[in-house]
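J.: okay, here's the prediction I keep looking at, along with the sequence it came from:
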Amino acid sequence: MSSNVFNLPNIGKPIELTDAGVYCSINRKTGEVNNLFNLVFEDDDWYLFQLKNTSKEGDISWVILADNSEYALKTCHITEVKYHFDHPQFAEPNGAWQLMRNARYGFGKFTPLHADEPCLFAMILFSQETKTPIEIDGKLLEIPTMLVPLLIQKSQDEALQTLSELGR
């Protein structure tokens, strides 16, 4: 059986400091921004925030995406990446995924096989109810099931990028 997931060190671009910043999900029908996310590298760890309304009318703030006090995103082993992405619905386009996650949320970077195509990004939600045991480096680990990844794009808008400087 052929695989649509390739060995990341060979062709995948790593998640780098230049990937930090504000990302948005766009409604495909209307072209409007649905959600804003902020990928932050701080104190040697990656964190993912979402811009949300606060209880005070008209106020917004960045809220960390995490559950169970596991805030930092950790890089996923290639075995886990294959477990999540080696399925028919991800067969095209061919390329390599880099993935980092905490218990509930993740950030993914997809490098297409063809160098002339841009990298794609995703915010990913993981199920806390459904976990699958998979073997990684000789250890049996309980891996949460990935729910549908949400494609996001890095904002080039300076006004949106300045939102990342709001208090977190």
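T.: Structure's in. What do you need? Note that the structure is predicted; figures quoted are calculated from it, not measured.
J.: report the buried residues of the helix or strand in which residue 25 is found.
T.: According to DSSP states H and E, residue 25 maps onto strand 21-26. Buried positions in strand 21-26, judged by neighbour count with 16 or more other Cβ atoms under 10 Å: 21, 22, 23, 24, 25. For the C-beta atoms, the positions are set from N, CA and C on the backbone; glycine is no exception.
J.: ok, so of those residues, who is nearest residue 120?
T.: Proximity of these to residue 120 (Cβ to Cβ) peaks at residue 23, which lies at 11.0 Å.
J.: dig out what that closest one forms beta bridges with.
T.: In this entry, residue 23 is beta-bridged to residue 37, residue 154, by DSSP bridges.
J.: would you mind measuring from it to residue 128?
T.: 23 Å (Cβ to Cβ, to the nearest Å).
J.: check residue 138 too.
T.: Taking Cβ to Cβ, one finds residue 138 at 26 Å from residue 128.
J.: any chance of the buried residues of strand 21-26 in a markdown table, with distance to residue 13 too?
T.: Below are these laid out as a markdown table (distance: Cβ to Cβ, whole Å):
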| residue | distance to residue 13 |
| --- | --- |
| 21 | 16 |
| 22 | 20 |
| 23 | 16 |
| 24 | 21 |
| 25 | 21 |
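J.: of those, which pair is most distant in space?
T.: 21 and 25 (14.5 Å).
J.: which pLDDT value does the model give the residue most central in space within the chain?
T.: Closest to where the C-alpha atoms of the chain average out (Cα atoms, centre = their mean) is residue 107, at 1.3 Å. With respect to pLDDT, residue 107 has a value of 98.
J.: the helix or strand where it lies packs against which elements?
T.: Taking DSSP H and E as the criterion, residue 107 maps to strand 105-112. Strand 105-112 makes packing contacts with strand 45-53, strand 95-101, strand 120-136 when contacts are defined by 3 or more Cβ pairs under 8 Å, 6 or more residues apart in numbering; DSSP states H and E.
J.: and residue 126, how far from residue 92?
T.: 23 Å.
J.: of the two, who's got more company?
T.: Applying other Cβ atoms under 10 Å to residue 126 and residue 92 shows that residue 126 carries more neighbours, namely 19 against 8.
J.: from residue 157, how far out is the more buried one?
T.: 29 Å.
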